[in-house]
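Trainee: Attaching a predicted model along with its sequence, questions to come.
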Amino acid sequence: MNKLPFIDVLAGKEEHGRKSDLASFEYTYQAEITNVYSLTNTEKLYQIQIIDPKERQRFCFKPGQFVMLELPGIGEAPFSISSSPLRHGDLELCIRGAGNMTNFLSLVPRGTKVGISGPFGTSFPVEQMYDQNIMLIGGGLGLVPLRAPIFSVLEQRSRYGNIDIIYGSRNPSELLFTYQYDTWRQFDIDLSIIVDEGDETWNGPVGLITSILEERIAAAGDISQNTFAIVCGPPIMFKYVCDMLVKSKMPIQKIFVSLERRMHCGRGKCCRCNIGSTYTCLEGPVFDYWSVLNLKEAI
Amino acid sequence: MLFRVIARNELENLYDMLAVNHVVGPVSRGDDTPTPMFDFDFVYDFKELRLDFPSTIHSLKRYVLPPKERFCTFTIQDNDWQKDVDLNAHKPIVYFGVHACDINALNKLDKVLSGSVYPDPYYAAKRKNMFVVGINCNPQPYCFCHSMGTDSALHGFDMFLTDLGDDYFVEIHSAQAFDCINKLNSREPDEQDHIRFLEITDKKLKKFTSHVDNTDLTKILDLEFQSESWKEWGKKCFSCGTCAAVCPTCYCYGITENVDMDLQGASKIKQLYSCNLLDFAEVAGGHNFRPDSYTRLKYRYYHKHRGFVEAFEEPLCVGCGRCGEACLAGITVPEVIASVRDKENNNE
């Protein structure tokens, strides 16, 4: 018998400008950090642009999806996109310096080349929500993944009913995107902000997010029909907020949550983000509340 | 599938024919005391091959999913970098003497690693360049593959040998294997061979002593999610991850990146992980979704016996019993599942 032939699985990896599935597995777009804004002491907003104009234009995502951001030699981590989907590969990522890689990222200058792969995961079904009222509820960093659907809604404001943004934070100095609140309000959006602990500069409400949510639900009246909710925040917040929405008769399939898990691949291979054996990176991070109830230990 | 029968002494010719390629097969490890140990390794002589092996320490996972693998390298120059991907598969390898459970383990890995969305090229490259020669096995006291339905391989191999005594009964499953067998002295099996083949299979079935009751297991696992038995097993578990290291179907991994000493390059290393390790589900900021050892142990069982069944209609466990043999605390799959099921029966 002759030697067995060697099969190159990457042969014919690029046809008509499209990469084969196997070739795209480890492919990263080269991107550049074009701007960095300090939002708070620990969170920064990075504007990251895919360098190749063709790739940038072809890069499409939906609100709620995430990308893997790679710093060669330092690490790779998933981040939800918080810019408008209309801006394609001109991304904005809001990142808190919490670990090895994100702390390194907070030190790098503008113009640094990074890698982007994705987009991955499911998205908030904003098209389903046409002509409906939407409640966007975010706690702490939870406002970051909410910013993409907020942009989508703003861009087509006339297609939606009442929009409520309810945002809770630990203290006024940790509020994110403060410079955009006025713009949002100009688009006829009810924005309510609450903090756990006020300080001398704060003259808004103080308390838990559930107290202000209760007010907003009361103001909205009947939320059993025509209203969707998008919830994102720390695990403890999900439970109380979703319970309250369900008690107020919001159908569970109209409540959408975005879950956070540790991810190493984003492609449904490494199992790190599994809940049961549901991959948060494939079937999430956006789940409707029914799926969350159906999964054990999801929140 | 085509069938042939070859004489016992033809096996060496078969080996020689395949040995123009690299051959991996079961070889003995250490000095046979107190019991002989076997493992897969590269074989350079037919005499090294120990086809009578009861089971190997590791499965073929070591070759298709190496415990540590370089995904890519970066060349860094000032602010510029280039990524070079190497799939780490450069030659076809013949795997000579693989048991049905390990072949089935590869089939299960195929479903998630190369059959679903985002197929993994590192796995696919190695899997495509395999020539697998299976061999029938002798069930050990810890084997429960019959309960998992993986005691016979239906696909995923090129050739499968069954020892009939003076002859080998050969199942042929690829064109290359057919080519190969045509160059040997082989004959079509007759009625007598069929009878002998079925007798051997029957005998094998009677040797199984470990069993797992899979009836409605997915539902029972959901019902018993809060069961106290998980906590009892959790107290025993050392969270060391040995079970995942020897498991033929555990594929979880973690990624680390390292910069070279001269700062001119970097590499991205994949290392197989275990869901029993403490920081498996820890996220940035320090929140751990599975902080207790019993929740991690439970998760392992849920992934293998519930979640995977939901996704692919079959459990991720092949019943090879390696995890139970390797476990420092002596936790075995049949015992864990029986205890969870017992709870269910007692409640009724």
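Mentor: That came through fine. Residues are numbered from 1 along each chain as shown, chains lettered A, B, ... in the order given.

Trainee: all helices of the stretch 151-299 of chain A, in order?
Mentor: A:181-186, A:209-220, A:235-247, A:289-294 (DSSP state H, counting those that start in this stretch).

Trainee: Mind listing what's buried along the last one?
Mentor: Of the residues in helix A:289-294, those with enough neighbours to count as buried (16 or more other C-beta atoms under 10 Å in any protein chain shown) are A:289, A:291-292. Using the backbone N, CA and C atoms, a C-beta is placed for each residue, glycine as well.

Trainee: ok, now the longest one?
Mentor: Neighbour-count burial for helix A:235-247, counted by 16+ other C-beta under 10 Å, picks out A:237-238, A:241-242, A:244-245.

Trainee: circling back: dump the helices of the stretch 151-299 of chain A into CSV; add mean pLDDT and distance to chain B as well.
Mentor: What follows is the helices of the stretch 151-299 of chain A, written out as CSV (pLDDT from 0 to 100; distance: least, C-beta to the nearest C-beta, whole Å):
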stretch, mean pLDDT, distance to chain B
helix A:181-186, 89, 25
helix A:209-220, 86, 18
helix A:235-247, 87, 7
helix A:289-294, 87, 10
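
Trainee: As TSV, these with distance to B:Leu106 would be great.
Mentor: Formatted as TSV, the helices of the stretch 151-299 of chain A follow (distance: least, C-beta to C-beta, whole Å):
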stretch	distance to B:Leu106
helix A:181-186	53
helix A:209-220	49
helix A:235-247	37
helix A:289-294	31
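
Trainee: Pretty sure A:Leu141 sits against A:Leu39.
Mentor: No. The pair A:Leu141 and A:Leu39 does not pass the contact test of C-beta atoms under 8 Å, sitting 10.5 Å apart.

Trainee: anything in contact with each of the two?
Mentor: For the pair A:Leu141 and A:Leu39, residues contacting each of them under the criterion C-beta atoms under 8 Å, 6 or more residues apart in numbering or on different chains are A:94, A:176.

Trainee: In contact with B:Asn258, which residues are there?
Mentor: Residues counted as contacts of B:Asn258 (C-beta under 8 Å, 6+ apart) are A:73, B:266-267, B:269.

Trainee: Out of the residues you listed, the closest to B:Ile195 would be?
Mentor: Closest approach to B:Ile195 among the contacts of B:Asn258 (C-beta to C-beta): B:Ile269, at 53.2 Å.

Trainee: quick one, what contacts the closest residue to chain B within chain A?
Mentor: Closest to chain B within chain A is A:Ser277: 2.2 Å, counting by C-beta to the nearest C-beta. With contact taken as C-beta under 8 Å, 6+ apart, A:Ser277 is in contact with A:271, B:302-303, B:306-308, B:310-311.

Trainee: now do 10 Å
Mentor: When contacts are counted by C-beta atoms under 10 Å, 6 or more residues apart in numbering or on different chains, A:Ser277 is found next to A:271, A:295, B:112, B:299, B:302-312, B:316.

Trainee: Point out the least confident one among those.
Mentor: The pLDDT minimum for the contacts of A:Ser277 sits at A:Leu295, where the score is 82.

Trainee: CSV please, covering the buried residues of helix A:289-294 and showing distance to A:Met68.
Mentor: Rendered in CSV, the data for those read as follows (distance: C-beta to C-beta, whole Å):
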residue, distance to A:Met68
A:Tyr289, 27
A:Ser291, 23
A:Val292, 24
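
Trainee: Domains in chain A, by residue range?
Mentor: Domain assignment of chain A by automatic domain parsing yields the ranges A:28-120, A:126-294.

Trainee: Indicate which one of those domains is closest to B:Leu49.
Mentor: When these are ranked by distance to B:Leu49, counting by C-beta to C-beta, first place goes to domain A:126-294 at 33.4 Å.

Trainee: picking that back up, the more surrounded of A:Leu141 and A:Leu39?
Mentor: Between A:Leu141 and A:Leu39, counted using other C-beta atoms under 10 Å in any protein chain shown, the more crowded position is A:Leu141 (23 against 18).

Trainee: which non-adjacent residue is nearest the more buried one?
Mentor: Once its chain neighbours are removed from consideration, A:Leu141 has its nearest residue in A:Arg96; the separation is 6.2 Å (C-beta to C-beta, 6 or more residues apart in numbering or on different chains).

Trainee: So what sits opposite that neighbour in the bridge?
Mentor: Each beta-bridge partner of A:Arg96 is listed here: A:Glu43, as defined by DSSP bridges.

Trainee: Would you write a ChimeraX line that selects the buried entries of the contacts of A:Ser277?
Mentor: Only the buried members of the contacts of A:Ser277 end up in this ChimeraX selection, burial being decided by 16+ other C-beta under 10 Å:
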select /A:271,295 /B:112,299,302,303,304,305,306,307,308,309,311,316
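
Trainee: So which of the contacts of A:Ser277 are in helices?
Mentor: Judged by DSSP state H, helices contain the following of those: B:112, B:299, B:302, B:308-312.

Trainee: Format those as JSON lines; extra columns: distance to chain A.
Mentor: Formatted as JSON lines, the entries for the ones in helices among the contacts of A:Ser277 read as follows, by distance: C-beta to the nearest C-beta, whole Å:
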{"residue": "B:Val112", "distance to chain A": "8"}
{"residue": "B:Tyr299", "distance to chain A": "8"}
{"residue": "B:Tyr302", "distance to chain A": "5"}
{"residue": "B:Phe308", "distance to chain A": "5"}
{"residue": "B:Val309", "distance to chain A": "9"}
{"residue": "B:Glu310", "distance to chain A": "7"}
{"residue": "B:Ala311", "distance to chain A": "6"}
{"residue": "B:Phe312", "distance to chain A": "9"}
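
Trainee: Which pair of those residues spans the longest distance?
Mentor: When the ones in helices among the contacts of A:Ser277 are compared pair by pair using C-beta to C-beta, the farthest-apart members prove to be B:Tyr299 and B:Phe312, with a separation of 17.8 Å.

Trainee: Tell me the residues of the stretch 51-200 of chain A that contact chain B?
Mentor: For the stretch 51-200 of chain A, the residues in contact with chain B under the definition C-beta under 10 Å from any C-beta of the partner chain are A:68, A:70-78, A:95-102, A:108-109, A:111-115, A:120, A:141.

Trainee: Going by neighbour count, which of those are buried?
Mentor: Among those, those classed as buried by 16+ other C-beta under 10 Å are A:68, A:70-78, A:95-98, A:101-102, A:108, A:112-115, A:120, A:141.

Trainee: where does chain A have low pLDDT?
Mentor: Residues of chain A that meet the criterion pLDDT under 70 lie in A:1, A:12-17, A:298-299.
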